[in-house]
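Student: take this sequence and fold it.
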Amino acid sequence: MEQKLRRTFLMVVVAAFFLGLALAGGALLATGSQDDLPKDTPVNTAGALLPTLPPGFGPNTIADMVELAGPAVVKVDTITEVRTGRNLDPFFSDPFFRQFFGDSMPFNQGPQERRGMGSGFVISEDGYILTNQHVVNGAKEIRITLANGQETLQARVVGYDYDMDLALLKVEASGLPFLKLGDSDHVRVGEWVIAIGNPYGLDHTVTVGVISAKGRQVTVDDRRFNNFLQTDASINPGNSGGPLLNLRGEVIGINTAINAQAQGIGFAIPSNTVRGILAELKEKGRVIRPWMGVSLQPLDKELAEYFGVPDTKGAIIAEVMQGSPAARAGLRRGDIIREIDGQEITTPDDVVKIVQSSKIGQRLAMVVHRNKKAQYITVTIQEKGQVR
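Tutor: Predicted coordinates:
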């Protein structure tokens, strides 16, 4: 009996030995031996391959990228005529920071010239520059300081879009270094990003962080942004209009706002949003947007019961803008839009999508719930006027 157990034990040991050889041989066939690897391939103490960075990425990636991208980032100085007493702090003209910081500076009385400051970046070698609309809003003079800090050029506004807070500027120059717009749709949460700008006038300040979130909805003054990138890279007054870059040196966002009540929360306009309107800004000086002229809110069970509708499908009109297409068509506050051109409306977003995809002059037939009855109203879509 004892001899039989010893024989069985030896057979198990031998089988385990040959199984180990087979597995090791398979691994070598799959990956090759360490001797076949390049000399600089990292290995751990057990000899397994360690993860490696993609080609071109390494300890100096950020520094190398900043060295290449930095020359295309510019400082934007503005002079705006102020006809009444206003705060003359150069950053007070920035509504995004005024909203968060408030008015902490004394007011000056009488007509004055207010100086503003922001950032921008060159997008073509012949002198086209992108920045925020609020950076140059109402400016009678715009001066661009190039990266060398010595050359200053006069700029003009080629086009702007208030709703998107974008402005396209032009300086008379050639052979300028410029940045490429990247694909913001493929940016991932957690991806490293770099902000370059002029916070508080400190020329070409570099901060690093990650993408904290995508698709953020932010409202500043009367502008509502539905698709901001959120980052923890430090963004301060003066950074507005500067680029948010990936590790390839591509612009994936335009730095726009911060929330001063929190640590490390900044927002940027996605590059693909910029790309979508850039041609119109350059060719027409503005973005043509279809407009109905209402503000909407969703319908919940309480409101549905109050207004006497059978379900929560639809969009309540919370406000009708004076002189708007909606006002001329007879829409009123409290109306509930249930259908547009035969399409059922379930949320306010449905109305927004239909209007945004409409053409100027197009007539939209609506079924509206008013006073517990269905009303049929036709609205003629018009172009949204630009705020000047």
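
Student: residues contacting the residue nearest the centre of the chain?
Tutor: The residue lying closest to the centre of the chain (Cα atoms, centre = their mean) is I269, at 2.2 Å. For I269, the contact set (Cβ atoms under 8 Å, 6 or more residues apart in numbering) comprises 164-166, 225, 228-229, 253-254, 256. C-beta: built from backbone N, CA, C; applies to glycine.

Student: that one: which element?
Tutor: strand 266-270 (DSSP states H and E).

Student: which is the next helix or strand following the one helix or strand A326 maps to?
Tutor: For A326, the enclosing helix or strand under DSSP H and E is helix 325-329. Once the chain leaves helix 325-329, the next helix or strand it forms, by DSSP H and E, is strand 336-340.

Student: gap between whatever helix or strand comes next after that next one and the chain center?
Tutor: Using DSSP H and E, the helix or strand that follows strand 336-340 in sequence is strand 343-344. Remark: strand 343-344 is offset 31 Å from the chain centroid, using Cα atoms, centre = their mean, to the nearest Å.

Student: check which helices and strands strand 343-344 is in contact with.
Tutor: helix 348-356 (3 or more Cβ pairs under 8 Å, 6 or more residues apart in numbering; DSSP states H and E).

Student: what's the helix it packs on packed up against?
Tutor: strand 290-291, strand 294-298, strand 315-320, strand 336-340, strand 343-344.

Student: hey, which of these is tucked in deepest?
Tutor: Counting by mean count of other Cβ atoms under 10 Å, strand 336-340 has the highest mean neighbour count of the helices and strands packed on helix 348-356, with a mean of 22.

Student: from the chain's centre, how far out does that one sit?
Tutor: 31 Å.

Student: with just CA atoms, put it into CSV.
Tutor: Coordinates of each C-alpha in strand 336-340 appear next as CSV, following Å, rounded to 0.1, in the frame of the first residue of the first chain:
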residue,chain,number,x,y,z
ILE,A,336,-48.1,73.1,-23.1
ILE,A,337,-46.6,72.1,-26.4
ARG,A,338,-47.7,68.5,-27.1
GLU,A,339,-46.9,68.1,-30.8
ILE,A,340,-44.9,69.8,-33.5
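
Student: tell me the helices and strands packed up against it.
Tutor: Using 3+ Cβ pairs under 8 Å, 6+ apart, strand 336-340 sits against strand 315-320, helix 348-356, strand 363-370.

Student: what angle do the shortest one and helix 348-356 make?
Tutor: Computed with axes from the mean of the first three to the mean of the last three Cα atoms, to 10 degrees, the direction of strand 315-320 lies at 70 degrees from that of helix 348-356.

Student: avg pLDDT for strand 315-320?
Tutor: Averaged across strand 315-320, pLDDT comes to 94.

Student: can you list the strands that it pairs with?
Tutor: strand 294-298 (antiparallel), strand 336-340 (antiparallel) (DSSP bridges).

Student: state the mean pLDDT of the very next helix or strand once past the first one.
Tutor: Following strand 294-298 in sequence order, the next helix or strand is helix 301-307 (DSSP H and E). Within the predicted structure, the mean pLDDT of helix 301-307 is 90.

Student: what do you get for stretch 203-211?
Tutor: Here the average pLDDT along stretch 203-211 is 91.

Student: follow-up on the earlier one: just curious, which of the contacts of I269 is nearest to T312?
Tutor: Closest approach between these and T312, by Cβ to Cβ: F225, at 26.4 Å.

Student: just list whatever residues bridge to the closest one.
Tutor: Beta bridges link F225 to V218 when assigned by DSSP bridges.

Student: against G266, how distant is G342?
Tutor: Applying Cβ to Cβ, to the nearest Å, the value for G342 to G266 is 43 Å.

Student: L278 touches A167, doesn't it?
Tutor: No - with contact defined as Cβ atoms under 8 Å, L278 and A167 do not form a contacting pair (11.4 Å).

Student: who's more crowded, those two?
Tutor: A167 (28 against 20; other Cβ atoms under 10 Å).

Student: okay, and A69 sits in which element?
Tutor: For A69, the host element (DSSP H and E) is helix 61-69.

Student: residues making contact with that helix?
Tutor: 53, 179, 192, 194, 196, 206, 208, 243, 245, 247-249.

Student: just name the lowest-scoring one in the residues you listed, pLDDT-wise.
Tutor: L53 (45).

Student: low pLDDT regions in the stretch 101-250 of the chain?
Tutor: Scanning the stretch 101-250 of the chain for pLDDT under 70 picks out 101-111, 222.

Student: now the strands: where do they sit in it?
Tutor: 107-108, 112-122, 128-131, 141-145, 152-161, 166-171, 192-197, 205-220, 223-231, 243-245 (DSSP state E, counting those that start in this stretch).
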